[in-house]
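Engineer: When you get a sec, could you give me coordinates for this:
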Amino acid sequence: MTFLRPEVRRGWRATFNAERLAQWGRSPLTWILVACALVRVVGIGWGLPASDGWDNDGVAPRDFLAGLVETFTPGHYFTYPPFHLLVLGLLTSPVTIVALLRAPSLAPPDVIAEILNVSYMTGIAYIARFTTLVMSLGITYAMAKIAEAVRDRRAGYCAAAITGIDVSFTYYGKMTNLDVPYLFWGSLALLALVRAIAWNEPRRLRAFVILAVLAVATKDQAYALFLVGAPLAIGAWFVFDPRAREGARGIVRELGRGLAIGAGLFLVVDAVILNPTGFRARLGFLVGPASQDFANYSNDMTGRLRVIEETARLYASLWPSAFIVLAVGGIVLHLWRKKHEAPSRWVAGLAPLLTGISFTLAFNCIARRVEHRFILPQSLMLAVYAGLAVHAFLFELRGRVARLFAQAALAVAFARGIFLVVNLDANLLLEPRYDAERWMREHFAPGDRVETYGLNVYIPRFPDNVHVTRIGLDPAARRNPMPGFEERQDRFENVEARKPRWIVISEGWAWRYLTPLPKTEEGGVITPSTQIQTRGDPSATSYFHELLDGRRGYRVAHVGEFKSDIWSRVDLHGSTGRPTWILERVQ
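Structural biologist: Just a heads-up that it's a prediction; the model follows:
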């Protein structure tokens, strides 16, 4: 690194010298991160090798390349902002270059046909998933450092350990959805804000704004982390910390500079300058069909109160109940410490709470959706406070008997939490589609005609020697192609004319036709308009019910389903643990 300035080289040597590496090896945080990495690497090959992944709403292996093209085509737009797409484009560029070199020509059909090869797509999927895994470790590290800035280093270890025991975080920490990438930048932004306040270092506000912009440029909903929470945290800094009031001019100056830099950065990284019409169109799509067509709660106060209620209820599926109690206790404990803490550290400790509240109000209550990935920000914030509570029990509780009792109770809670995340990994390894694939390899004959339905992410991998036709109501040209599939636009119920020998159906997709609409809607709960539209097709709805009941000339030959005497089924993002039906024609 002779091209670096001497002071920079000295800094690198100081960072990576033997003593520093030894310190990292002795740090409990290092081993917590190693344990988290091991848990998250299990099942990272879920559904691979394949030409497309099973990551529902994920951006890899395919969508991010198409998304980049759409983002930078004037007047066009992609569902998500381009920043992480650009990151993945850079990281996977060696695979893309090889595909381009091997394609018969650079004509789009030839390039697409080549790059959809399983070897390329699998390599891209692994790169994207490992990128997410590394970012998930970065989030865990950030939560630890936030707790450390608020209390001390041991509190950081506790917060990191609890962050790792989160079923939803474990799942999304190895998939290609954008939730972990945007929270990576968002958590680093929050860490910069917390340190700016706790250490009275206004210059860090620049980093806060820049990192927040990168979070929003990764996934738009990141705005909700900061829209309410950051102004309240900075306002509380002025109200409760005399030093902040004394240095108000410097704080405002640094914040203003950060906002100016952030605004310019946003215009570039979110492609606002390069494609303003596409940017406006994407915003219209996000505030319209992309959110409101999937809303589960009414657009009134009753619906929003139900959102908050359901958010609290869903945590029971993420953590052991003890951790929820600890998180609440940690919030109360931090509020109580106001008289015993330096004002700056006490205000800094409010920032995660305000961030969680901000996301709930500015996203969940606006989009009116409560799902595992949409309460992930709040669970990370609560992990900080649960860590503060665990720290108090382990290191501040008086009395030997009381400490032993607390340690035993915490050991049981952590054991339960570890079991839950390992149970999620077991669900990925025991995926029902694996069972369906084994059965198809054993029973499908070469040349058999197979019919299937739905999006790529729901479909199992078929034997190479059978003829697969995907039937759908949408035009075949608008589908995400699968190599070897014949795409046909047709009514589902015309199966008698098509007469395939086998039909393969995933409940992950077919539930929309199989689940009845509620007879009444009350208490703020509504049926999303997309589901109403699907169920508004009585012929298709009747077809799937009759097919599975044996009234369409087919019998259920096998059901690929989750089976275990130890582990319980987990249903995450409509993807995990869902059965796959294989039907054979009998007439």
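
Engineer: Where is the longest helix in this structure?
Structural biologist: When the chain is parsed with DSSP state H, its longest helix is helix 118-150.

Engineer: So what's the gap between it and the chain middle?
Structural biologist: Offset of helix 118-150 from its chain centre (CA atoms, centre = their mean, to the nearest Å): 11 Å.

Engineer: Could you do stretch 146-162 as well?
Structural biologist: Stretch 146-162 sits 23 Å away from the centroid of its parent chain (CA atoms, centre = their mean).

Engineer: Now do the residue nearest to residue 266 when sequence neighbours are not counted against residue 190, distance only.
Structural biologist: Using CB to CB, 6 or more residues apart in numbering and skipping the chain neighbours, the partner closest in space to residue 266 is residue 213 (4.8 Å). (Each C-beta comes from the backbone N, C-alpha and C, glycine too.) Residue 213 sits 14 Å away from residue 190, going by CB to CB, to the nearest Å.

Engineer: Among those two, which residue is more densely surrounded?
Structural biologist: More crowded of residue 213 and residue 190, by other CB atoms under 10 Å: residue 190, with 32 against 27.

Engineer: OK, contacts around that one?
Structural biologist: The contact partners of residue 190, taken as CB atoms under 8 Å, 6 or more residues apart in numbering, are 142, 146, 208, 225, 351-352, 355.

Engineer: go again using 10 Å as the cut-off
Structural biologist: Residue 190 is in contact with 142-143, 145-146, 183, 208, 211-212, 215, 225-226, 229-230, 233, 351-352, 354-355, 377, 380-381, 384, counting by CB atoms under 10 Å, 6 or more residues apart in numbering.

Engineer: At the geometric centre of this structure, which residue do we find?
Structural biologist: In the chain, the centroid-proximal residue (CA atoms, centre = their mean) is residue 179; its distance is 3.4 Å.

Engineer: List the buried residues for the longest helix of the chain?
Structural biologist: For helix 118-150, the buried set under the neighbour-count rule, 16 or more other CB atoms under 10 Å, comprises 120-129, 131-133, 135-150.

Engineer: same check, this time on stretch 567-580
Structural biologist: Neighbour counts over stretch 567-580 (16+ other CB under 10 Å) mark 567, 569-570, 572-580 as buried.

Engineer: Low-confidence regions, this protein specifically.
Structural biologist: Counting by pLDDT under 70, the chain has low-confidence residues at 1-18, 518-521.

Engineer: need the helices for the stretch 251-400 of the chain, in chain order.
Structural biologist: Listed in chain order, the helices of the stretch 251-400 of the chain (DSSP state H, counting those that start in this stretch) span 276-287, 289-292, 301-314, 321-336, 343-348, 351-359, 376-395, 400-429.

Engineer: could you pull out the helices for the stretch 51-200 of the chain?
Structural biologist: 63-71, 83-91, 93-102, 108-115, 118-150, 153-164, 167-172, 179-198.

Engineer: I'd like a version of those helices in a markdown table, one that adds distance to residue 245 as further columns.
Structural biologist: Output for these, formatted as a markdown table (distance: least, CB to CB, whole Å):
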| stretch | distance to residue 245 |
| --- | --- |
| helix 63-71 | 44 |
| helix 83-91 | 36 |
| helix 93-102 | 50 |
| helix 108-115 | 58 |
| helix 118-150 | 21 |
| helix 153-164 | 28 |
| helix 167-172 | 38 |
| helix 179-198 | 13 |
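
Engineer: wait, which of the ones you listed is closest to residue 555?
Structural biologist: helix 118-150 (31.8 Å; CB to CB).

Engineer: I'd like to check the angle between that closest one and helix 83-91, please.
Structural biologist: In terms of direction (axes from the mean of the first three to the mean of the last three CA atoms, to 10 degrees), helix 118-150 departs from helix 83-91 by 120 degrees.

Engineer: Distance from the chain centre to stretch 167-186, please.
Structural biologist: For stretch 167-186, the distance to the chain centre is 4 Å (CA atoms, centre = their mean).

Engineer: residues near residue 563, how many?
Structural biologist: When neighbours are counted by other CB under 10 Å, residue 563 registers 10.

Engineer: Now do the contacts for the closest residue to residue 395 other than its chain neighbours.
Structural biologist: Leaving aside its sequence neighbours, residue 395 sits nearest to residue 154 (CB to CB, 6+ apart; 6.0 Å). Shown in contact with residue 154 (CB under 10 Å, 6+ apart): 28, 147-148, 387, 390-391, 394-395.

Engineer: Derive a ChimeraX selection command for the buried subset of those.
Structural biologist: Buried subset of the contacts of residue 154, written as a ChimeraX selection, criterion 16+ other CB under 10 Å:
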select :147,148,387,390,391,394
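
Engineer: and the contacts of residue 154, which two are the farthest apart?
Structural biologist: Every pair of the contacts of residue 154 checked by CB to CB; the farthest is 148 and 394, at 15.0 Å.

Engineer: related to what we said a few turns ago, gap between the residue nearest to the centre of the chain and residue 585?
Structural biologist: Counting by CB to CB, the gap from residue 179 to residue 585 is 41 Å.

Engineer: Closest one to residue 164 out of the contacts of residue 154, please.
Structural biologist: For those, the nearest to residue 164 is residue 387 (10.9 Å; CB to CB).

Engineer: Show me the domain layout of the chain.
Structural biologist: Domain ranges of the chain: 6-43+128-428, 432-585, per automatic domain parsing.

Engineer: Nearest to residue 75, out of the ones you listed?
Structural biologist: Among the domains of the chain, the nearest to residue 75 by CB to CB is domain 6-43+128-428 (4.8 Å).

Engineer: host element of residue 233?
Structural biologist: Assigned by DSSP states H and E, residue 233 belongs to helix 229-240.

Engineer: gap between that helix and the chain center?
Structural biologist: 29 Å.

Engineer: Report all helices and strands that it contacts.
Structural biologist: If you count contacts as 3 or more CB pairs under 10 Å, 6 or more residues apart in numbering; DSSP states H and E, helix 229-240 packs onto helix 179-198, helix 204-216, helix 242-246, helix 248-269, helix 343-348, helix 351-359.

Engineer: what would those look like in CSV with distance to residue 480?
Structural biologist: Shown next, in CSV, are these (distance: least, CB to CB, whole Å):
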stretch, distance to residue 480
helix 179-198, 21
helix 204-216, 27
helix 242-246, 52
helix 248-269, 26
helix 343-348, 45
helix 351-359, 30
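
Engineer: Which stretch among the ones you listed is buried most, on average?
Structural biologist: Across those, averaging neighbours per residue (mean count of other CB atoms under 10 Å) puts helix 179-198 on top, at a mean of 27.

Engineer: So what angle separates the directions of that one and helix 351-359?
Structural biologist: 130 degrees.

Engineer: tilt between helix 179-198 and helix 153-164?
Structural biologist: Taking the same axes, to 10 degrees, one finds helix 179-198 and helix 153-164 inclined to each other by 160 degrees.

Engineer: so who does the residue nearest to the centre of the chain touch?
Structural biologist: Per CB under 10 Å, 6+ apart, neighbours of residue 179: 57-58, 132, 136, 168-169, 171-173, 218-219, 221-222, 372-374, 376-377, 573.

Engineer: any residues in contact with both of residue 213 and residue 190?
Structural biologist: Shared contacts of residue 213 and residue 190 (CB under 10 Å, 6+ apart): residue 226.

Engineer: and stretch 221-230, which residues are buried?
Structural biologist: By neighbour count on 16+ other CB under 10 Å, the buried set for stretch 221-230 is 221-226, 228-230.

Engineer: Correction: the previous question concerned stretch 554-570.
Structural biologist: Along stretch 554-570, these residues count as buried under the neighbour rule (16+ other CB under 10 Å): 554, 557-562, 567, 569-570.

Engineer: Please apply the same query to stretch 58-67.
Structural biologist: 58-65, 67.

Engineer: Would you enumerate the residues in contact with residue 229?
Structural biologist: Contacts were defined as CB under 10 Å, 6+ apart; by that measure residue 229 touches 190, 193, 350-359, 361-362, 381.

Engineer: ok, back up a step: looking at the helices and strands packed on helix 229-240, spot the one closest to residue 501.
Structural biologist: Of all those, it is helix 179-198 that lies closest to residue 501, at 40.2 Å by CB to CB.
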